[in-house]
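*Asks:* sequence unknown, structure follows:
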Ligand code: SAH
Ligand code: F3S
């Protein structure tokens, strides 16, 4: 039943999760697990972005006029940005945003597959929509994002949630308009999931969240194959956008009045490896030249390949904000090796030292997984000691979640759930105390903040971010939104700082 053309699968079966990177196999063989795996060479066409860029224009049939849409987004910024693009396409088709599920004509779940609980939540919500679908057969339900790339999920949809109308993946979001058109005439779920990245379609419309900060994709996919992670399978291999396309988009954003941009990729410091002519530091320098942009952020970096040139660039370019999200995952070398992270604890600590020396005010945040298979209490203590040594500003902490098809699920020594939960709690307690201590030191300091808009939790106050990404809440007139201001920190807390306005600064570049 499966029809595969040019690496595109057109049925609900599919992805072969056994395509493993050679590095991963090396790690596994060290643990005598390699017999579990079959290496199927991954086709690496090494297409350049130029070759991949779409030659055809997307059609936007006006079938959404008078209709409304709702997109529920889970997971990382890449997904949130995909949602902005899909919303942009829907607007082109005439759709307007719905106020809730009850008055929506099209509901789309843009999903995350990184941990199992996120997936369970999505299925729970889709289950709750069944009565709505019965009441309004015209309602169209869609599932997109990383879950859609998993064959097990597609089988589940076919079996348990056949009332979902369209399922499409991370490589073909530009097909949303045509899928919606097809859905009008189809009684069955339409599965349109590409196994591999096809052409990159530039210049799709986007509806950005607000007018001050914007995300800009610089790279798609990930080649790192950490043994726990599903992203290389759901987002494909690393592809960098051409620097001129990135710079053109940033220029356009500056023209529209955006002040801050965040360059997005699963692994931004690998940017350009496929292009061969430019690296991430070069791109940062180019973006730093764009007039009107005041702050540049990027996420996510990988400790591997975080070069001296990159550190120097961040230190030297005035617009690059002093914040680096540098996932460490574990402080123990055995665990790091089994995770296939490609660095050691010592390397990571040395890197942090170099970064802090070159960028003294830098704020460092990280991701950490506890309960990775084989992690003993002693190994976990290495993670705690690393956290105490580095003193991160913040850490996103996770319990290891086995993802079907990833190598780590085959490791035999899984950590019992209770044990993992206990480690997570101790890790969080340690980090919270550090985050609070760091913030407390900021009392009475005057800091520069870019005013973003109303606080998400209290519309009576405005929120802004310091260059190092810390969130600050304060009272100020609405017309200061989009401006830089000096704020005196009055009441530091663990996750945010409350302050008062000292002065609004002249806008840079005006
Ligand atoms: N480079 C990506 C990382 C994606 S996953 C990015 O841009 O954010 C985000 C984080 O989720 C990882 O850094 C890791 O700490 C965590 N994670 C990934 N797979 C996981 C798994 N199977 N179980 C628990 N946490 C996981
Ligand atoms: Fe996942 Fe590791 Fe890439 S965490 S996104 S495989 S760097």
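*Replies:* Perfect, I can see it now. If you're wondering where the values come from, they're calculated on a predicted model, not measured in any experiment. Ligands and ions are numbered 1, 2, ... in the order given.

*Asks:* Secondary structure class of the closest residue to ligand 2 within the stretch 251-400 of the chain, three-state.
*Replies:* Using C-beta to the nearest ligand atom, residue 266 is the residue of the stretch 251-400 of the chain that sits closest to ligand 2, at 4.2 Å. The C-beta positions use only the backbone N, C-alpha and C, and glycine is treated the same way. Under the three-state scheme (DSSP: H, G, I helix; E, B strand; the rest coil), residue 266 adopts coil.

*Asks:* I'd like the distance between it and residue 376.
*Replies:* 30 Å (C-beta to C-beta, to the nearest Å).

*Asks:* Same check on residue 433?
*Replies:* Taken as C-beta to C-beta, the span from residue 433 to residue 376 is 24 Å.

*Asks:* what does residue 147 give?
*Replies:* 32 Å.

*Asks:* More neighbours: the two, which one.
*Replies:* Just comparing residue 147 and residue 376: by other C-beta atoms under 10 Å the higher neighbour count belongs to residue 147, 28 against 14.

*Asks:* who's the nearest residue to that one once chain neighbours are set aside bridged to?
*Replies:* Distance criterion C-beta to C-beta, 6 or more residues apart in numbering; nearest residue to residue 147, sequence neighbours excluded, is residue 111 at 3.9 Å. The partner list for residue 111 in beta bridges (DSSP bridges) reads residue 145.

*Asks:* quick one: terminal-to-terminal distance for stretch 169-187?
*Replies:* End-to-end distance of stretch 169-187 (C-alpha to C-alpha, to the nearest Å): 20 Å.

*Asks:* Was I right to think the residue nearest to residue 147 contacts residue 119?
*Replies:* Yes: counting by C-beta atoms under 8 Å, residue 119 is a contact partner of residue 111 at 7.2 Å.

*Asks:* okay, and the helix or strand of the chain with the least pLDDT?
*Replies:* strand 8-9 (a mean of 28; mean pLDDT, DSSP states H and E).

*Asks:* sorry, back to before: could you report the neighbour count for the residue nearest to residue 147?
*Replies:* With other C-beta under 10 Å as criterion, residue 111 counts 27.

*Asks:* and what of residue 222?
*Replies:* For residue 222, using other C-beta under 10 Å, the count is 22.

*Asks:* Distance check, the nearest residue to it once chain neighbours are set aside against ligand 1.
*Replies:* Counting by C-beta to C-beta, 6+ apart, residue 222 lies nearest to residue 266, which is 3.9 Å off, once chain neighbours are set aside. Note on residue 266: its distance to ligand 1, by C-beta to the nearest ligand atom, to the nearest Å, is 4 Å.

*Asks:* so who does residue 266 touch?
*Replies:* 78, 219, 220, 221, 222, 224, 231, 235, 238, 300 (C-beta atoms under 8 Å, 6 or more residues apart in numbering).

*Asks:* which two from these end up farthest apart in space?
*Replies:* Within these, 78 and 224 form the most distant pair, 14.9 Å apart (C-beta to C-beta).

*Asks:* More neighbours: which of those two?
*Replies:* For residue 78 and residue 224, the more surrounded residue by other C-beta under 10 Å is residue 78, and the numbers stand at 24 against 21.

*Asks:* After whichever strand or helix holds the more buried one, which helix or strand is next?
*Replies:* In this structure, residue 78 sits in helix 77-92 according to DSSP states H and E. Next along the chain after helix 77-92, taking DSSP H and E as the criterion, comes strand 96-97.

*Asks:* what's around the residue in the stretch 401-510 of the chain that ligand 2 sits nearest to, how many residues?
*Replies:* Relative to ligand 2, the nearest point of the stretch 401-510 of the chain is residue 406 (9.1 Å; C-beta to the nearest ligand atom). When counting by other C-beta under 10 Å, one arrives at 21 neighbours for residue 406.

*Asks:* My read is that it contacts residue 229, right?
*Replies:* Yes: Residue 406 lies in contact with residue 229 (C-beta under 8 Å); the separation is 6.5 Å.

*Asks:* center of this structure, which residue is that?
*Replies:* The structure's the chain has its C-alpha centroid closest to residue 76; by C-alpha atoms, centre = their mean the separation is 3.0 Å.
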